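Chemist: below: sequence and its predicted model.
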Amino acid sequence: MRTNRTVWASIRRTPYQAFIAFAITTITMLLVYVLVNSLMMGHKILYYYEEQPKLMAFFKAEVGNEEAAEVTKQLMEHETFGAMVENVNFVDKETALEFYKENYQDETLLLELISAEIFPVTLEITPRDPQTLGVIGEMLSDIEQLDNIDFQADVVDTFLRWTNGMRNIGLGLCVVFGLITFFILNMIIGIKVISQRQGIKVMQIIGATRLYIRKPFIKEANIYALVSTLLAWGLVTGLLWLFREDVGGFFAPIAVLDWSPLWLGTQLMGGVVISWGLSTMAAWSAVSRILKKSQK
């Protein structure tokens, strides 16, 4: 209890130092939580696109279902093509029309004017290995009944590059601010240790252990870190909840936000562990450095 009173008294005596410690630690944890949520959203978007067919081949509009089915059968019987392809989904003209009607239910006048004949038969192709997309595309380009080949993998590759870039930048910022937080906490705790040097000498004379001397300073650093973590987690979670409809609508139909208690709790506890470890190391280092100097 005495240690707790000592810690709170130390914080109240130096409010400006306490504010700086809270501020820099909060900014660091905000970056960590923003990065974690961004990477989770990016993972869900990437997984969604990876589940989609990587390549779509459109037959010419005048090619009927029977002719397209025969071409598809010949393709699947081709030894090389069959070995490279995991799945081929055949979408005939009538199915394409049904998809169109589902997406444009409100356009009643337009729906009355269109027929299945204007839609091309489509092949949705998923390869066993994405690296074989180029070979599959070359094979399909030789088929005269095909009108267009669309590589969905380009979307995935582009998004993957953006995700990797965002992750690298985010990790870099977290490392930089983590180091800044460490040195600022180290400096603030060091100043407090120096200001209490006489009291520390008295404790050493009466036989106080190094751990006993370090304890209040480590607790103070832990308070800065834990309060900042709770504040950062609350801000990020609150903002995501406030703008959940806008975010969900922008990325629809992909459910990028996870409101499960397990995920929210994991975020919070992960941040607590990171901030607690960082603050403990900073305080331990500061006290050890001052104690070594005092013995010289």
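Modeler: Received the coordinates, thanks. Numbering: from 1, shown residues only.
Chemist: direction included, what does the helix or strand E124 falls within pair against?
Modeler: Taking DSSP states H and E as the definition, one finds E124 inside strand 122-127. Strand 122-127 has its sheet partners listed here by DSSP bridges as strand 55-59 (antiparallel), strand 85-91 (antiparallel).
Chemist: right, and the helix or strand after the shortest one?
Modeler: Going back to what we said before, that points to strand 55-59. helix 65-77.
Chemist: tell me which residues are up against that next one.
Modeler: Residues from elsewhere that reach helix 65-77 (C-beta atoms under 8 Å, 6 or more residues apart in numbering): 59, 63, 81-82, 85, 88, 90, 92-94, 121, 123, 139-140, 143, 145. Every residue, glycine included, has its C-beta placed from N, CA and C.
Chemist: can you say which of the residues you listed are buried?
Modeler: F59, V63, F81, V85, V88, D92, K93, V121, L123, M139, L140 (16 or more other C-beta atoms under 10 Å).
Chemist: could these go into TSV alongside distance to T26 and pLDDT?
Modeler: Output for the buried ones among the contacts of helix 65-77, formatted as TSV (distance: C-beta to C-beta, whole Å; pLDDT from 0 to 100):
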residue	distance to T26	pLDDT
F59	58	89
V63	62	87
F81	57	84
V85	52	86
V88	53	86
D92	58	88
K93	59	85
V121	57	88
L123	53	87
M139	56	86
L140	54	86
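Chemist: mind giving me a markdown table with those and columns for distance to L30?
Modeler: Formatted as a markdown table, these follow (distance: C-beta to C-beta, whole Å):
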| residue | distance to L30 |
| --- | --- |
| F59 | 52 |
| V63 | 56 |
| F81 | 51 |
| V85 | 46 |
| V88 | 47 |
| D92 | 52 |
| K93 | 53 |
| V121 | 51 |
| L123 | 47 |
| M139 | 51 |
| L140 | 48 |
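Chemist: quick one, helices of this protein?
Modeler: 2-13, 15-51, 65-77, 79-84, 93-103, 108-113, 133-141, 153-195, 197-205, 210-242, 244-251, 261-295 (DSSP state H).
Chemist: one step back: closest to T163 out of the strands paired with strand 122-127?
Modeler: Smallest distance to T163 across these (C-beta to C-beta): 21.4 Å, for strand 55-59.
Chemist: restricting to C-alpha, output that closest one in PDB.
Modeler: The C-alpha coordinates for strand 55-59 follow below in PDB (Å, rounded to 0.1, in the frame of the first residue of the first chain):
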ATOM      1  CA  LEU A  55      -9.300 -16.100 -64.200                       C
ATOM      2  CA  MET A  56     -12.600 -15.500 -66.100                       C
ATOM      3  CA  ALA A  57     -12.900 -16.400 -69.800                       C
ATOM      4  CA  PHE A  58     -15.900 -14.800 -71.800                       C
ATOM      5  CA  PHE A  59     -17.100 -16.500 -74.900                       C
END
